[in-house]
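Visitor: the following comprises the amino acid sequence and a computationally predicted model.
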Amino acid sequence: MAFFNLRTVQAREPARHKKRDYYKPGYRNPLHTDERDAAAPKIAGRLALFAAMCAGFIAVLYWILFSGSFSVRSIDVEGAGRTSADDIKRVAESALHRRRFLILNQQQSLFAVDSMRVRAQLVDAFALVHATVTPQLPHTLRISIQERTPVYEVRGSNGGEALIDTEGVIIAAAAGNEQPAHDLFTLKVSSLASTTTGERLFDRSAMVFLNDARDNFAFITQGYRIVSLNLERVLVHDIVAETSEPWVIYMTDELDPKLQLLNVDRALQEMKDERKEIQYIDVRLPNKIFYK
């Protein structure tokens, strides 16, 4: 029979904290030292100063945004030519509608003007190149715009008309009396589906050809003048250049317009007096010239 020696482990009683007699004369609480007692008024002063600064900041913010001391009272427009300055102001004012913060109105404060939003609305409404919106203290909003310059007058066979710039963007629905006819180059198309301001009427590749051709019309040496381009067959790359003489020029947008115009000049030099009797000159092939 086996015997086991068992050791009895007696748990020690936890040490009891020494009692302090807080009523003993001369007792000082260790949490209230001389240094801490001296620092207490400084901390309270700093908290009061911080609260005063926050209250002052809120007061200044209210004065700037909500008191009306810096509200927009006038709008100055620079660079307006074809576009009416009153129309620019009307669109800008619609973009400056009063906004609310909780129960307060911002009253169109200069410091709360969303310049990006105003600029975007102006560019979209009037097809501008760009617009700059600058707040000017104390009550003025200055707007500087750059308008698109009409270069081409597009005429559709359905009777529609539109002015476009060198990027093909529609500027106005019709030329009217805004600009003399000789300042605009005429483009004829089969139909003009849309005359909405700001839309792009031709793609980038077509505008590159048209702008290049227009620039080279000034270097024609044989006395004729191109008065319009007929783009009704542009989808198959055929362009008819109507001249100041009874004949026309058949061109293509797949070749350099300068090379085609040089071939026309060369053909006219060879024709001499026969040029008055021809009907057309075809330069759609780079190495061959046809005329009738």
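Guide: Perfect, thanks for sending it.
Visitor: shaky segments in the stretch 51-200 of the chain?
Guide: Per-residue confidence for the stretch 51-200 of the chain (pLDDT under 70) gives these ranges: 61-69, 97-107, 174-182.
Visitor: and the strands in it, which stretches?
Guide: Counting by DSSP state E, counting those that start in this stretch, the stretch 51-200 of the chain has strands at residues 74-78, 100-101, 104-105, 130-136, 140-146, 152-156, 161-164, 170-172, 185-189.
Visitor: got the buried residues for the fifth one?
Guide: Of the residues in strand 140-146, those with enough neighbours to count as buried (16 or more other Cβ atoms under 10 Å) are 141, 143, 145. Every C-beta, even on glycine, is put in place using the N, C-alpha and C of the backbone.
Visitor: with distance to Ala51 added, can I get these in a markdown table?
Guide: Listed next are the buried residues of strand 140-146 as a markdown table, based on distance: Cβ to Cβ, whole Å:
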| residue | distance to Ala51 |
| --- | --- |
| Leu141 | 36 |
| Ile143 | 42 |
| Ile145 | 48 |
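Visitor: and of those, the nearest to Gln269?
Guide: Nearest to Gln269 among those: Ile145, at 48.3 Å, using Cβ to Cβ.
Visitor: so how far is Met116 from that closest one?
Guide: In this structure, Ile145 and Met116 are separated by 15 Å, where distance is defined by Cβ to Cβ, to the nearest Å.
Visitor: neighbours of the nearest residue to Val77 once chain neighbours are set aside, just the number please.
Guide: Distances taken as Cβ to Cβ, 6 or more residues apart in numbering place Ala85 nearest to Val77, at 4.3 Å, with adjacent residues excluded. Taking other Cβ atoms under 10 Å as the criterion, the count of residues near Ala85 is 16.
Visitor: how close does the residue nearest to Val72 when sequence neighbours are not counted sit to Ala95?
Guide: Nearest residue to Val72 in three dimensions, chain neighbours excluded: Gln108, at 4.4 Å (Cβ to Cβ, 6+ apart). Separation of Gln108 from Ala95 (Cβ to Cβ) stands at 10 Å.
Visitor: same check on Leu137?
Guide: Leu137 sits 20 Å away from Ala95, going by Cβ to Cβ.
Visitor: lovely, talk soon.
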